[in-house]
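# got a predicted structure here, sequence first:
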Amino acid sequence: MFPNLKTVLSLFVIVGSICLFSSNVSATTLGLLQIDSGSGNVTVGLNTIDWTPPVGGGSGTFVVGAGSTLTSALGGPVAGTIGTVLDLSGGTLLPIANFMTFSSVPGLAFDLGFVGPGSANTNCASLAIGGSCSVFVGSPFILTLTPTGTGVVFAVGGIARDGTTPSNWIGNFTTPIAGITPLQIQQIFGCVPGQGATACTNPTATLNSTFAGQFIATAASVPEPTSITLLGVGLIGLFCIRKKIAA
């Protein structure tokens, strides 16, 4: 009437061993990363982003914020330490490996997989407070009119790597630009509502400001091989027990 005790115990040993092995290899990068520009800033052109310092060096720096909870198999970035972020240009192809790296956690990297999208609205005139636009069609930057000027959001995301299972990350770089409205920014670059970047008449203009960023790393949705193995062992175990009962 009941399955052979030896068979059941053997299945428990197999499943237990796989669970133990799975717990040892399932580490991944998870949690909240907060950063700010520290003593640096960012210079944004029509098709370029230059994080500083240094100016025009291919990459810039940021400071890990105290509110970060990011963890990985290699450890978590320490608040107050310096990270590196790569400069971007309109001709850069995605994905970009090692977009953000951390001095306190060598081997941990955020690869950039996508940017934007910007706002579908490119008419920056007559915005109400809280209204948003992008300065040209296809721009990844969202400009929002605030009581003191403009809030800029640059959405990004990709894959976080720590040598174990990669995870997904997504978030925003943000910066406040005081005393300038989205319409004035659009006019600085000479861009035309409803037109792309090629219609902008002042493509060499730039804006400079401090920046901050907030990013979340979450587990990838694809099942790990060990999870699939566990499922398989469970189904095989049930099949064997049912066969034993039937016998």
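On my side now, so go ahead. A quick note: this is a predicted structure, and the numbers were derived from the prediction, not measured.
# do a quick rundown of the helices in the protein.
5-25, 182-188, 225-246 (DSSP state H).
# who touches the shortest one?
Counting by C-beta atoms under 8 Å, 6 or more residues apart in numbering, the neighbours of helix 182-188 from elsewhere in the structure are 124-125, 127, 132-133, 135-136, 143-145, 150, 177, 180, 193, 202, 205, 207. All C-beta spots, glycine's among them, are computed from the backbone N, C-alpha and C.
# how about a cut-off of 7 Å?
With contacts defined as C-beta atoms under 7 Å, 6 or more residues apart in numbering, helix 182-188 is touched by 124, 125, 127, 133, 135, 143, 145, 150, 202, 205, 207.
# by neighbours, which of those residues wins?
Counting neighbours by other C-beta atoms under 10 Å, the top entry in the contacts of helix 182-188 is residue 143, with 28 neighbours.
# and the closest residue to residue 91 other than its chain neighbours, how far from residue 81?
The shortest distance from residue 91 to any non-neighbouring residue, by C-beta to C-beta, 6 or more residues apart in numbering, is to residue 47 (7.6 Å). In this view, residue 47 and residue 81 are 31 Å apart by C-beta to C-beta, to the nearest Å.
# and if you look at residue 66?
11 Å.
# okay, those two: which has more neighbours?
residue 81 (13 against 9).
# what pLDDT does that one get?
Looking at residue 81, its pLDDT stands at 98.
# who are the contact partners of it?
Contacts of residue 81 by C-beta under 7 Å, 6+ apart are 64, 102, 103, 104.
# widest-spaced pair of those residues?
64 and 103 (9.0 Å; C-beta to C-beta).
# neighbour-wise, which of the two wins?
A count of neighbours by other C-beta under 10 Å puts residue 64 above the other of residue 64 and residue 103, at 24 against 13.
# low pLDDT regions in this protein?
By pLDDT under 70, the weakly predicted segments of the chain are 1-27, 222-247.
# can you list the domains in it?
Following automatic domain parsing, the chain resolves into domains at 1-26+224-247, 28-222.
# now the strands for this structure?
31-36, 41-45, 48-52, 59-64, 82-86, 88-89, 96-102, 109-115, 132-133, 141-146, 149-161, 167-178, 206-209, 212-219 (DSSP state E).
# in a markdown table, list the ones you listed along with distance to residue 73.
Output for the strands of the chain, formatted as a markdown table (distance: least, C-beta to C-beta, whole Å):
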| stretch | distance to residue 73 |
| --- | --- |
| strand 31-36 | 13 |
| strand 41-45 | 30 |
| strand 48-52 | 27 |
| strand 59-64 | 18 |
| strand 82-86 | 18 |
| strand 88-89 | 28 |
| strand 96-102 | 13 |
| strand 109-115 | 13 |
| strand 132-133 | 39 |
| strand 141-146 | 34 |
| strand 149-161 | 10 |
| strand 167-178 | 11 |
| strand 206-209 | 35 |
| strand 212-219 | 12 |
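# which of those sits closest to residue 70?
So among the strands of the chain, strand 31-36 is nearest, using C-beta to C-beta, at 4.3 Å.
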